[in-house]
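Asks: model the following, please.
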Amino acid sequence: MGGGPELKTENSKLTTPSIVCTMLKYTRSMMHLALSRTWGCRMAAFLAVVSLLSIGAIEAAHPAAVRGSGGAVASAAPAATQAGLEILRAGGNAADAAVATALALAVVHPQAGNLGGGGFAVVRFGGVVGALDFRETAPAKASHDMYLDESGEPLPEASLVGPKAAGVPGSPAGLYELHRKHGKLPWSRVVAPALRLARDGFVVTERLEHGLAENSELLARFPETAAVWLPDGRPPAAGTMMHLPELAATLEVYRDRGVHGLTEGPIAAAVEIAARRHGGLLRAADLATYRSVWREAVRFPAFGWQMASMPLPSSGGIILGETCGLLERLDWEEKQRFGADRAHLLAEAWRRAYADRFLLGDPRTALADAPQLLAARWLDLRAQEIKPRKATDSERVRAWSRDQVQEADQTTHLSVVDGVGNAVALTTTLNGSFGCGLLVPGVGFLLNNEMDDFATAPGRPNMYGLVQGEANSVGPGKRMLSSMTPTIAWRGKEVLVVGSPGGSRIPTATAQVLLNLVVDGDQLQSAVDRPRIHHQWMPDILLAEHDALSPETAQELERRGHELGVRLKIGEVHAVRGLAGGVVEAAQDPRGPGAAGVVRPTVD
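Replies: Next up is the predicted model:
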């Protein structure tokens with residue numbers, strides 16, 4: 001779910017007294033960090049990294065967000081952001097622009113943008129909040145033990161590579177439904193920018209070239225995919241023009257026939273044929289019967305703001321709500337910024353929220369839900385467990401139970417606000433980068449490998465290290481649990497729209513940007529830029545970006561019992577803000593890079 005080049009040992013425990021850390025370069029798109037590991041003192045290892053990499057960025061000056069009026073868009077790709085702005089300039093609203101941006105991402109950002117995946121959207125139109133679930137579902141032929149061998153052991157790569165790993169795509173239905181309910185412009189106008197990019201061509205970015213090269217082994221397994229994305233056996237070079245005629249033809253059908261053009265007829269048949277050829281379970285009937293679902297958003301007050309995020313089958317809104325609820329109870333706002341107390345409380349809150357995630361899954365089978373996990377009684381109990389000077393052993397943290405309260409890498413996020421304050425936070429995914437690796441011939445889009453987000457072997461970690469329970473086991477028609485956290489927050493006339501890719505790190509990245517804004521009053525770009533930390537219960541490691549913790553803070557956290565690790569990047573948050581008087585701002589995350597823009601920029 002998380003995109004871009006990342007440190008290969010980012011989830012490893014730091015266990016060397018003398019890590020050799022060489023800064024090769026730091027650009028908007030990547031930082032290469034080489035680490036050697038031997039057994040020894042964890043603290044010396046972490047401090048070696050922190051000392052070699054300047055911590056000045058913690059309080060360094062940040063560039064200003066793009067500012068102006070008429071609406072704002074932030075996404076993972078410049079061409080996609082421009083597509084959204086084009087629609088806003090044409091008189092479209094936030095829903096029109098969000099759909100246009102998402103469709104453009106399906107063309108220019110195939111690592112995660114998609115028609116063969118799914119996602120979620122949280123919307124606020126005229127002050128009314130809604131949550132659209134277009135998460136993939138398990139095919140009708142899916143079964144509980146389909147990824148286990150005869151001895152009950154997981155089959156290597158079965159839930160990750162090839163169409164057996166693919167869930168029923170939800171993006172065609174979801175994007176069409178978002179426009180149907182809230183869009184303003186004709187459907188054909190909203191599809192037009194993506195269709196133009198696929199048909200007339202777009203310039204390959206360095207990010208796309210790198211992503212293709214990094215995943216070339218996967219893509220080369222499928223001749224259908226390699227023919228498009230690895231011509232002559234290698235990725236197209238950055239700066240070259242890329243044309244996708246098959247995808248353009250599919251978008252024409254989508255434009256003319258709407259969702260039924262992709263879920264019925266020749267395109268659905270092509271998906272089934274491709275899946276059967278490589279041992280997959282997807283059938284045309286699965287596509288025809290798929291439906292997106294409008295749900296009640298997870299809503300909660302936090303630090304004087306109202307917030308709305310995604311409910312089940314995403315855990316993101318619940319984790320965010322638990323985080324904010326616990327931090328408020330523990331006076332997080334009063335703690336020193338960038339100090340050990342704040343980092344400690346974040347880790348302890350996340351440790352408990354992710355433990356509760358073990359109970360979550362499809363709303364029909366989850367063992368707990370948002371009203372239970374965000375109940376004041378439960379949050380009070382959780383807050384009482386947290387010791388201010390001592391880390392809790394994750395193995396001692398139990399998930400929610402009724403007896404105790406009786407009386408979430410490849411994803412992409414986009415944020416849009418229009419000129420009148422309507423807002424859409426939309427996160428969509430193929431799960432792993434380029435999904436299962438299979439491009440449907442004649443159709444031009446890649447299929448997801450979302451089935452790995454089920455607990456394919458309950459109690460064992462998935463590709464993001466998340467340990468999941470029976471509530472999220474495989475079953476026909478079920479929606480797999482997610483960590484996506486598209487979120488909208490508002491106070492008076494101000495509205496914030498945020499979200500991130502990053503797998504299990506999505507809720508923590510989103511939470512930290514929100515806290516920077518609503519608690520500490522950061523400017524939008526500063527809030528997005530600031531370094532981040534992450535904890536997810538299991539594995540019991542507090543991860544930190546290279547400049548997130550000063551040496552003194554790291555040492556104090558170690559003293560309190562936290563095991564520390566380094567991760568190159570945590571999330572990639574794209575954020576927009578609407579202010580009183582029609583002023584809008586947009587910020588891209590330098591960890592991307594992405595692209596942020598406004599309809600009418602302010603001229604200084």
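
Asks: excluding chain neighbours, what is closest to the most centrally placed residue in the chain?
Replies: Central residue of the chain (Cα atoms, centre = their mean): Pro501, 2.5 Å from the mean position. Spatially, and ignoring its direct neighbours in sequence, Pro501 is nearest to Thr411 (3.5 Å; Cβ to Cβ, 6 or more residues apart in numbering). Any C-beta I mention is one placed from the backbone N, CA and C, and that applies to glycine too.

Asks: look up how far Gly233 lies from that neighbour.
Replies: Note on Thr411: its distance to Gly233, by Cβ to Cβ, to the nearest Å, is 28 Å.

Asks: ok now stretch 287-306, how far from the chain's centre?
Replies: Here stretch 287-306 is found 15 Å from its chain centre; the criterion is Cα atoms, centre = their mean, to the nearest Å.

Asks: on the pLDDT front, check the nearest residue to Gln536 once chain neighbours are set aside for me.
Replies: Setting aside the residues directly before and after it, Gln536 is nearest to Tyr354 in space (Cβ to Cβ, 6+ apart), at 4.5 Å. Listed pLDDT for Tyr354 reads 96.

Asks: distance from the chain centre to the helix or strand containing Leu262, please.
Replies: In the assignment (DSSP states H and E), Leu262 maps to helix 260-263. On the basis of Cα atoms, centre = their mean, helix 260-263 sits 26 Å off its chain's mean C-alpha point.

Asks: avg pLDDT for that helix?
Replies: Here the average pLDDT along helix 260-263 is 98.

Asks: higher neighbour count, Thr411 and Gly233?
Replies: Counted by other Cβ atoms under 10 Å, Thr411 and Gly233 do not tie: Thr411 has more neighbours, with 30 against 8.

Asks: immediately after the helix or strand harbouring the more buried one, which helix or strand?
Replies: Here Thr411 sits within strand 410-418, counting by DSSP H and E. Once the chain leaves strand 410-418, the next helix or strand it forms, by DSSP H and E, is strand 423-431.

Asks: and the contacts of the helix or strand following that next one?
Replies: Where DSSP H and E defines the elements, the next helix or strand beyond strand 423-431 is strand 487-491. The contact list for strand 487-491, computed with Cβ atoms under 8 Å, 6 or more residues apart in numbering, reads 122-124, 129, 302, 304-310, 316-317, 320, 423, 425, 495-499, 510, 514, 517-518.

Asks: for ChimeraX, what selects the buried ones among those residues?
Replies: Buried members of the contacts of strand 487-491, defined by 16 or more other Cβ atoms under 10 Å, are picked up in ChimeraX with:
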select :122,123,124,129,302,305,307,308,309,310,316,317,320,423,425,495,496,497,498,499,510,514,517,518
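
Asks: thinking again about what came up before, pretty sure the residue nearest to the centre of the chain is touching Asn431, no?
Replies: No - look at Pro501 against Asn431 with Cβ atoms under 8 Å: they stay out of range, at 10.8 Å.

Asks: measure the closest residue to Val440 other than its chain neighbours to Gly444 for me?
Replies: Excluding its sequence neighbours, the residue lying closest to Val440 (Cβ to Cβ, 6+ apart) is Ala274, at 4.6 Å. Counting by Cβ to Cβ, the gap from Ala274 to Gly444 is 11 Å.

Asks: out of the two, which sits in the busier spot?
Replies: Comparing Ala274 with Gly444 by other Cβ under 10 Å, the one with more neighbours is Gly444, at 25 against 22.

Asks: now do the strands in the stretch 151-300 of the chain.
Replies: With DSSP state E, counting those that start in this stretch as the criterion, the stretch 151-300 of the chain has strands at 202-203, 241-242, 293-295, 298-302.

Asks: return the most buried member of these.
Replies: Of these, the one with the most neighbours on average (mean count of other Cβ atoms under 10 Å) is strand 298-302, at a mean of 20.

Asks: the inter-axis angle of that strand versus strand 487-491?
Replies: Angle, strand 298-302 to strand 487-491, by axes from the mean of the first three to the mean of the last three Cα atoms, to 10 degrees: 40 degrees.

Asks: just to revisit the earlier point, quick one, what contacts the residue nearest to Pro501?
Replies: Counting by Cβ under 8 Å, 6+ apart, Thr411 has contacts 1-3, 112, 119, 427-429, 431, 484, 500-503, 506.

Asks: of those - the most surrounded one?
Replies: Ser500 leads the contacts of Thr411 on contacts (other Cβ under 10 Å) with 37 neighbours.

Asks: separation between it and Ala596?
Replies: 14 Å.

Asks: mutual contacts of the two, please.
Replies: His574.

Asks: before we move on, back to that, wasn't the residue nearest to the centre of the chain part of a strand?
Replies: No - assigned with DSSP: H, G, I helix; E, B strand; the rest coil, Pro501 falls outside any strand and is coil.

Asks: what's the burial count for Leu515?
Replies: 22.

Asks: how about the contacts made by it?
Replies: 303, 327, 332.

Asks: would you confirm that Asp547 contacts Pro531?
Replies: Yes - counting by Cβ under 8 Å, Asp547 does reach Pro531; the two are 4.8 Å apart.

Asks: using PDB, write out the CA atom coordinates for stretch 537-555.
Replies: Extracted in PDB, the C-alpha atoms of stretch 537-555 (Å, rounded to 0.1, in the frame of the first residue of the first chain):
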ATOM      1  CA  TRP A 537       1.400  -2.900  18.400                       C
ATOM      2  CA  MET A 538       3.100  -5.800  16.600                       C
ATOM      3  CA  PRO A 539       6.000  -5.800  15.900                       C
ATOM      4  CA  ASP A 540       6.800  -4.000  19.100                       C
ATOM      5  CA  ILE A 541       9.100  -1.400  17.600                       C
ATOM      6  CA  LEU A 542       8.800   2.400  17.600                       C
ATOM      7  CA  LEU A 543       9.900   3.400  14.100                       C
ATOM      8  CA  ALA A 544      11.100   6.900  13.300                       C
ATOM      9  CA  GLU A 545      12.100   8.800  10.200                       C
ATOM     10  CA  HIS A 546      15.700   9.900  10.200                       C
ATOM     11  CA  ASP A 547      15.200  13.300  11.800                       C
ATOM     12  CA  ALA A 548      12.100  12.700  13.900                       C
ATOM     13  CA  LEU A 549      13.800  12.200  17.300                       C
ATOM     14  CA  SER A 550      16.700  14.200  18.700                       C
ATOM     15  CA  PRO A 551      19.500  12.000  20.300                       C
ATOM     16  CA  GLU A 552      18.300  13.100  23.800                       C
ATOM     17  CA  THR A 553      14.700  12.100  23.000                       C
ATOM     18  CA  ALA A 554      15.700   8.800  21.500                       C
ATOM     19  CA  GLN A 555      17.800   8.000  24.600                       C
END
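
Asks: quick check: mean pLDDT of that stretch?
Replies: On average, stretch 537-555 scores 95.

Asks: ok, the nearest residue to Glu252 once chain neighbours are set aside to Arg255 distance?
Replies: Leaving aside its chain neighbours, Glu252 sits nearest to Leu195 (6.4 Å; criterion: Cβ to Cβ, 6+ apart). From Leu195 across to Arg255, the span is 6 Å (Cβ to Cβ).

Asks: could you do Ile506 as well?
Replies: Distance from Ile506 to Arg255, by Cβ to Cβ: 31 Å.

Asks: what's the spacing between Glu143 and Pro476?
Replies: Careful, residue 143 is Ser; it's not Glu. From Ser143 over to Pro476 (counting by Cβ to Cβ), the distance is 7 Å.
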